[in-house]
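> How does the following fold in three dimensions:
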Amino acid sequence: MDVLLIIDMQQGLFIQPRHQDAQVIANINRLAEGVRASQGRVIYVQHDEPGSELEPHSPGWQLHADLTPAPTESRVRKTACDSFLGTELGFLLAEQAVDRLLICGCATDFCVDTTLRSAAGQGFDVTVLTDAHTTADRPHLTAEQIIEHHHWMWRHLSLPEGRSVTLLTTDELLTPPQVAAAC
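The predicted structure follows:
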């Protein structure tokens, strides 16, 4: 079973511009639809940060208005970059056999990266959707440079044998491979 983990796609994080945010949100919605259609599971992660734009239950803490979550989909609340640390995520994933953990969301260089590394370290077969995560420009790098850097890092992570991080676009994941016709 595929499990789609949508990290920190919250209103308050989109006050500042995010790299290709409209396309990222559209791709996340397409991914969620595809995972649902294949009987997979979609889990939304929300960051709690009291006193900030991510104050729990505030307008900024809510999922981005352009996302299309199903009412029955799980939500996980976290207080650190790692979506596993001190949360029920591990228990939710243990409820079924996870073939692939699909990761997307915000921000590439913080919670997406930390969660991806944690998941890979815990033995999950991780797939990151290269066109379904985003970040903002930082003082030293543009968002595009940060994303490019992280794609390179994830391709070259040193993991124990049998563990991997795969990078795919939304189209690559959602388009089934073509089977060659027999002659």
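
> From T134, how far out is the nearest residue in space to A22 that is not next to it in sequence?
Nearest residue to A22 in three dimensions, chain neighbours excluded: D66, at 7.8 Å (Cβ to Cβ, 6 or more residues apart in numbering). For glycine as for every other residue, the C-beta is placed from the backbone atoms N, C-alpha and C. Separation of D66 from T134 (Cβ to Cβ, to the nearest Å): 13 Å.

> Compare the two (neighbour count), which wins?
Shown here are D66 and T134; by other Cβ atoms under 10 Å, T134 has more neighbours (27 against 14).

> For that one, give me phi and psi.
phi -150, psi 170 (degrees, to the nearest 10).

> So what pairs up with it in the strands?
C106 (DSSP bridges).

> which residues touch it?
T134 makes contacts with R18, H19, Q20, D21, V24, G105, C106, A107, T108, A143, I147, as judged by Cβ atoms under 8 Å, 6 or more residues apart in numbering.

> Just these: which are in helices?
D21, V24, A143, I147 (DSSP state H).

> okay, now the second one: neighbour count?
Translated: V24. 24.

> in terms of contact, does it touch D131 like I think?
Yes: applying Cβ atoms under 8 Å as the test, V24 and D131 come out as touching, 7.0 Å apart.

> tell me the centre residue of this structure?
When Cα atoms, centre = their mean is applied to the chain, the residue found nearest the centroid is C104 (2.1 Å).

> What's the mean pLDDT across stretch 105-118?
The average pLDDT for stretch 105-118 rounds to 98.

> ok, so what distance separates the residue nearest to A22 from Q10?
12 Å.

> circling back: top of the ones in helices among the contacts of T134 by number of neighbours, please.
Neighbour-wise, those (other Cβ under 10 Å) top out at V24, 24 neighbours.

> OK, contacts around that residue?
V24 sits in contact with R18, C104, C106, D131, A132, H133, T134, where contact means Cβ under 8 Å, 6+ apart.

> what about the closest residue to V112 other than its chain neighbours, how many residues close to it?
In space, and not counting its chain neighbours, V112 is closest to H133: 4.9 Å by Cβ to Cβ, 6+ apart. Residues lying near H133 (other Cβ under 10 Å) number 31.
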